[in-house]
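Peer 1: okay, here's the prediction I keep looking at, along with the sequence it came from:
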Amino acid sequence: MGIRIVKTSSYLPGPGVDNSYFEDFLDTSDSWISSRTGIKNRYFAKDEDLFDLVERSVKNLKLSQGEMDRVKTIIVATCTSSYAIPNLASRVQENFNFAEDIYSLDINMACSSFVAGLKLINGLIKEGEYALLIGAEIFSQIIDFKDRNTAVLFGDGAGAVLLEYSSRESYFISGTRGNTEVLNCGHESKFLYMNGKEVYRFGVSTMEKAIKGFMDKLDINRDKVDYFIAHQANIRILESLAKGLGVSMDKFPFNMDKVGNISSASIPVLLDQMNKEGKLKSGDKIIFLGFGAGLTWSLAYMKW
């Protein structure tokens, strides 16, 4: 069994914030940020909280009543929620008046969360059922705007997908290498802390090995993969992965130049943009890859 993506949506709270915004209070510049990360713009929510972003992404799916009736699982992936009880998924059920026979939960594997959510849904829904998977973050509430290493990287946003049960197989792998010191929030400070060099090494070496192992396990040739849709952390990581795999950067779509790093929302936001631009064709072979705090990683192989 497997799952298939039926609809995509996204929401970015405007207006955008370009790199020049940081030049007034940080020792940085547009050229410094863009040359090292590929990021030129991001979005910060002003008068909205995290659930507002979740809500807008669900609204943008434009679900029919028939689709809503078939939703049996709702998962919200996030690492920036200020809500403990009730979880965000339960609020989605309530606010949109979904039926009550729904399994609802929030998950936090940081930047791996969206792909991990795909794996969970693959094991939860049955024939004839739909599921909602929403990735949403509001990093502007937890980044230290005095810290050049993190302030310029992250943004706010949300993306959602409607999934259905499919007889066509989907495949997944995940991993964890616990390390609190490299990337954390709330342990020694209320702000996000990241050792960028260590995260970069992890993103390149671990993910290249994981992707190659995944393809070998599935007996998939790299040339047969249409897209590697990855977490949007840093353009250099994607370039290194493409080089290590021996594939063109055309197979590693990116949008971090426009939206920054939005963790669990980065893949669904990119996916929605590609979908709206007509870049995804029926039967396209896609490897999704998420990697981030934990440290964790999660990969999925699906056909569009």
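Peer 2: Yep, that arrived.
Peer 1: pLDDT on stretch 123-131, on average?
Peer 2: For stretch 123-131, mean pLDDT rounds to 96.
Peer 1: now do the helices in the stretch 201-304 of the chain.
Peer 2: Secondary structure of the stretch 201-304 of the chain (DSSP state H, counting those that start in this stretch): helices located at 207-218, 235-245, 256-259, 266-276.
Peer 1: dump the shortest one to CSV, keeping only the CA atoms.
Peer 2: I take that to be helix 256-259. In CSV, the C-alpha atoms belonging to helix 256-259 read as follows (Å, rounded to 0.1, in the frame of the first residue of the first chain):
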residue,chain,number,x,y,z
MET,A,256,14.9,29.2,-0.1
ASP,A,257,16.0,32.3,-2.0
LYS,A,258,12.3,33.5,-1.8
VAL,A,259,11.1,32.1,1.6
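Peer 1: please shift the residue numbers so they start at 55 in all later answers.
Peer 2: Sure thing, new numbering starts at 55, so read that last one as helix 310-313.
Peer 1: show me what contacts residue 296?
Peer 2: Contact analysis of residue 296 by C-beta atoms under 8 Å, 6 or more residues apart in numbering lists 282, 302, 303, 305, 306. From N, CA and C alone the C-beta is placed, and that goes for glycine too.
Peer 1: for residue 357, find the nearest of the helices of the stretch 255-358 of the chain.
Peer 2: helix 261-272 (12.1 Å; C-beta to C-beta).
Peer 1: same list, the helices of the stretch 255-358 of the chain, but as TSV with mean pLDDT and distance to residue 148 please.
Peer 2: Putting these into TSV (pLDDT from 0 to 100; distance: least, C-beta to C-beta, whole Å) gives the following:
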stretch	mean pLDDT	distance to residue 148
helix 261-272	95	37
helix 289-299	96	38
helix 310-313	97	29
helix 320-330	98	22
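Peer 1: deepest-packed of those helices, please.
Peer 2: Neighbour counts (mean count of other C-beta atoms under 10 Å) averaged over each of the helices of the stretch 255-358 of the chain peak at helix 320-330, with a mean of 23.
Peer 1: same for that helix, what does it pack against?
Peer 2: strand 56-65, helix 167-178, strand 184-192, strand 210-220, strand 281-284, helix 310-313 (3 or more C-beta pairs under 8 Å, 6 or more residues apart in numbering; DSSP states H and E).
Peer 1: what's the angle between that helix and strand 184-192?
Peer 2: If you take axes from the mean of the first three to the mean of the last three C-alpha atoms, to 10 degrees, helix 320-330 sits at 120 degrees to strand 184-192.
Peer 1: now helix 320-330 against strand 56-65, angle please.
Peer 2: Using the same axes, to 10 degrees: helix 320-330 against strand 56-65 is 90 degrees.
Peer 1: name the residues that touch helix 320-330?
Peer 2: Here helix 320-330 makes contact (C-beta under 8 Å, 6+ apart) with 59, 62-64, 66, 111, 165, 168-169, 187-189, 211-215, 281, 283-287, 307-310, 313, 316, 334, 342, 344.
Peer 1: hmm, back to that, from the helices and strands packed on helix 320-330, which stretch is densest packed?
Peer 2: Highest mean neighbour count among those (mean count of other C-beta under 10 Å): strand 184-192, a mean of 29.
Peer 1: quick check: mean pLDDT of the next helix or strand after that strand?
Peer 2: Downstream of strand 184-192, the next assigned helix or strand under DSSP states H and E is helix 202-205. Mean pLDDT, helix 202-205: 90.
Peer 1: mind listing what's buried in helix 202-205?
Peer 2: By neighbour count on 16 or more other C-beta atoms under 10 Å, the buried set for helix 202-205 is 202, 204, 205.
Peer 1: please export the C-alpha coordinates of it as CSV.
Peer 2: Extracted C-alpha coordinates of helix 202-205, given in CSV (Å, rounded to 0.1, in the frame of the first residue of the first chain):
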residue,chain,number,x,y,z
ARG,A,202,23.6,36.7,12.9
ASN,A,203,24.0,32.9,12.6
THR,A,204,20.3,32.3,12.9
ALA,A,205,18.3,35.5,12.5
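Peer 1: so how far is that helix off the chain centroid?
Peer 2: Distance of helix 202-205 from its chain centroid, counting by C-alpha atoms, centre = their mean, to the nearest Å, is 20 Å.
Peer 1: stretch 96-110 now?
Peer 2: 16 Å.
Peer 1: that stretch: end-to-end distance?
Peer 2: Using C-alpha to C-alpha, to the nearest Å, one end of stretch 96-110 lies 18 Å from the other.
Peer 1: ok so, going back, list just the nearest of the contacts of residue 296 to residue 232.
Peer 2: residue 282 (25.7 Å).
Peer 1: who's the closest one bridged to?
Peer 2: Following DSSP bridges, residue 282 is listed with bridge partners residue 341.
Peer 1: so what's it up against?
Peer 2: 265, 295, 296, 299, 301, 305, 306, 340, 341, 343.
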